[in-house]
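K.L.:
Need a 3D model of the following:
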Amino acid sequence: MSLQEFLVFERETRQNAEMPPATTQPIALPPEVVENINKELGPYRVGHSDVLIVTLTVGDELAPTKSMVARVNRDGDVELPLAGNIQVLGLELEDAEQAIRDAYVPKIYQEAVIHVELSSFDQTNIMVIGAVQMPGLVALRHTERNLMFALASAGGASEAASGSVTLRRLRRPWEEVTMNLRNPEQLRAALTLDHLEDGDIVYVEPATPNTVFVGGLVNAPRPQIYPPGVKVNVLQAIAASGGLRTDITPREATLIRQLPDGRDIQVKLDMDRVSAGKDPNITLAAGDILWIPHTVETRIQDWINRNIFVRAGVSATAGYNANYNAYGVKYLNDTAEQQYDRYSSPSSTLQDRFDPFSWLVPQPVTPTVPTGP
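P.N.:
Presented below is the predicted three-dimensional model:
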């Protein structure tokens, strides 16, 4: 596939993935759905087995302030001295104060001030696992028995979370539900589910790591793993692999991407044009393979580097000489001296055969120190 064909294909794929909804008009939610969401996210409401501390202060200055502890029974009532049973189930604390005040005033006291405080609550134990900050067992109040509060009690989703959450009911395993809580519509739907129960499991699915594979004529070929959401382009991936080899001149790259249907597409890239900004610096997708292959040019360059030796010499002064030879020359010279014909000059080496102009390099001069006048 050519680069231009790939760019058209990628643009169409992105447009299909980001296609806007058919209508942009706001969707009106049913009143019962709105009411249910308000209950789930609103102030605390008194539930069964809650323990309340009720402080009663009457108008008579001589009467002491009374503090009473009462538990909400199965019928949703609290039993208080003189007032009897008072229905408080499902009421906010402020409304519970008013209900208790109505039971005392004016039947028992002419004036009274009531304060209600939540001492303890009946908790629901949920297991939250997966990509969260603090996986484990969390305790929820009866007004918090939904997916959102379960995740919040586990410290929230971690950076590795995908946003997809699966609910597995302990008592109804066939009702497994998976939702993407980053989608507002699915989040609203999650708040309308039946309340969580003891033993239910909430699994936060981790996102697929953004892994790209870079190989071929780079200095550090390896898989590169990035956090979900981090975008990496071709030049960045090559730089993270130590850059292209400098002993040869790679000019091409091949991008291999697997499509959802399992097919692989290969795109040829001209690295000179990409580096110069003449061709797009393509953003890599998770699972992409970026391969820097050999070409005829790089094969020839590699052969020259392996088989041809360059000798250079420089003389700084008449008495000092620096001689630089490519690695491997000493080994070849030693081998040549061992195998050279016994009739040849013993000083002849393989380096001399490949470098017939070695006599041009000044040889070290041993300085002569005068011994007398």
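K.L.:
C-alpha from now on. contacts and neighbour counts both.
P.N.:
OK.
K.L.:
all strands of the stretch 151-300 of the chain, in order?
P.N.:
Ranges of strands in the stretch 151-300 of the chain, per DSSP state E, counting those that start in this stretch, are 161-168, 177-180, 201-206, 210-216, 222-226, 232-233, 252-258, 264-270, 283-284, 289-292.
K.L.:
Of all the ones you listed, which one is nearest His48?
P.N.:
Distance to His48, taken as CA to CA, is lowest for strand 201-206 among the strands of the stretch 151-300 of the chain, at 23.0 Å.
K.L.:
How far does the closest one sit from its chain's centre?
P.N.:
Between the centre of strand 201-206 and the centre of its chain there are 16 Å (CA atoms, centre = their mean, to the nearest Å).
K.L.:
relative to strand 161-168, how tilted is that strand?
P.N.:
Per axes from the mean of the first three to the mean of the last three CA atoms, to 10 degrees, the angle that strand 201-206 makes with strand 161-168 is 160 degrees.
K.L.:
which residues sit against whichever helix or strand Ile129 is part of?
P.N.:
Counting by DSSP states H and E, the element that carries Ile129 is strand 124-130. Residues outside strand 124-130 that contact it (CA atoms under 8 Å, 6 or more residues apart in numbering) are 135-142, 145, 150-151, 154, 196-206.
K.L.:
can you tell me the helix or strand for Ser67?
P.N.:
strand 66-71.
K.L.:
Val138 versus the closest residue to Val230 other than its chain neighbours, what's the distance?
P.N.:
Distances taken as CA to CA, 6 or more residues apart in numbering put Asn210 closest to Val230, at 7.3 Å, once the chain neighbours are dropped. Separation of Asn210 from Val138 (CA to CA, to the nearest Å): 31 Å.
K.L.:
still on that earlier bit, same question for the strand holding Ser67: list its buried residues.
P.N.:
For strand 66-71, burial by neighbour count (16 or more other CA atoms under 10 Å) applies to 69-71.
K.L.:
Quick one: distance of it to the chain centre.
P.N.:
That offset, for strand 66-71, works out to 50 Å (CA atoms, centre = their mean).
K.L.:
returning to what we had before: output the strand holding Ile129 as CSV, nothing but the C-alphas.
P.N.:
Extracted C-alpha coordinates of strand 124-130, given in CSV (Å, rounded to 0.1, in the frame of the first residue of the first chain):
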residue,chain,number,x,y,z
THR,A,124,-22.7,-3.5,52.0
ASN,A,125,-19.3,-5.2,51.3
ILE,A,126,-18.3,-5.2,47.6
MET,A,127,-15.2,-6.6,46.0
VAL,A,128,-13.5,-4.2,43.5
ILE,A,129,-10.6,-5.6,41.5
GLY,A,130,-8.7,-4.8,38.3
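K.L.:
Cool, thanks, signing off.
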